[in-house]
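Undergrad: Next input, structure requested:
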Amino acid sequence: MRRLVSPAGRLQAWMAARGVAGDPRGAIEGRLMELFLELGPVLQRADDLRRQREAARSALGRALLEPRAQEMRDELEAWQERLDGEVAAHTAGFAALERGEGDPARVLRDLRFLEKWQGELRARFAQLW
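TA: Sure thing, here's the model as predicted:
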């Protein structure tokens, strides 16, 4: 039942119930690859800032990093909203998939990547508190 919470899980269950074949592995949509190329450096900056905060030996040192941490949290939230929009756009196409329009395996791949990136953003966000 838990897997039905995620859009990718729902689509995978639908594909299994309908006997729809498709390899869930493979390349993602080009637009999503471009999105990831933008997101990768953001995640790296969040990791760098986390390491700097961990290395700060004093409360003053951590306090001096707080404005940057807040800016990074804001940026991560903006990215989360952006990815939420991508997931919503993909799930809006579920009805078309039910009508036999489109490639469910491609949508499943895209959703899995989007959900993975959402998890990465949530993890980075939590590490900056």
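
Undergrad: Can you name every helix or strand that the longest helix seen in the chain contacts?
TA: Secondary structure of the chain per DSSP state H: the longest helix is helix 59-92. Judged by 3 or more C-beta pairs under 8 Å, 6 or more residues apart in numbering; DSSP states H and E, helix 59-92 is in contact with helix 7-18, helix 30-55, helix 104-127. In short, each C-beta sits where N, CA and C put it, glycine included.

Undergrad: Between these, which one is closest to Gln70.
TA: Gln70 sits nearest to helix 30-55 of all those, at 10.6 Å, using C-beta to C-beta.

Undergrad: thought Pro7 was touching Leu111?
TA: Yes. Pro7 is within contact range of Leu111, at 5.2 Å (criterion: C-beta atoms under 8 Å).

Undergrad: Show me the common contact partners of those two, please.
TA: Common neighbours of Pro7 and Leu111 (criterion: C-beta atoms under 8 Å, 6 or more residues apart in numbering): Val87, His90, Thr91.

Undergrad: and of those residues, the nearest to Glu54?
TA: Of those, the one sitting nearest to Glu54 (C-beta to C-beta) turns out to be Val87, at 31.3 Å.

Undergrad: if we can go back for a sec, for Met72, state which of the shared contacts of Pro7 and Leu111 is nearest.
TA: Val87 (22.3 Å).

Undergrad: Based on its surroundings, how many neighbours for that closest one?
TA: 18 (other C-beta atoms under 10 Å).

Undergrad: Nearest spatial neighbour of it, chain-adjacent residues omitted?
TA: Leu114 (5.2 Å; C-beta to C-beta, 6 or more residues apart in numbering).

Undergrad: Who are the contact partners of the one you found?
TA: So Leu114 contacts Leu32, Leu83, Glu86, Val87, His90 (C-beta under 8 Å, 6+ apart).

Undergrad: go again using 7 Å as the cut-off
TA: Contacts for Leu114 (C-beta atoms under 7 Å, 6 or more residues apart in numbering) come out as Leu83, Glu86, Val87.

Undergrad: Present these as CSV; the columns should include distance to Arg25 and pLDDT.
TA: Shown next, in CSV, are the contacts of Leu114 (distance: C-beta to C-beta, whole Å; pLDDT from 0 to 100):
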residue, distance to Arg25, pLDDT
Leu83, 21, 98
Glu86, 20, 97
Val87, 20, 98
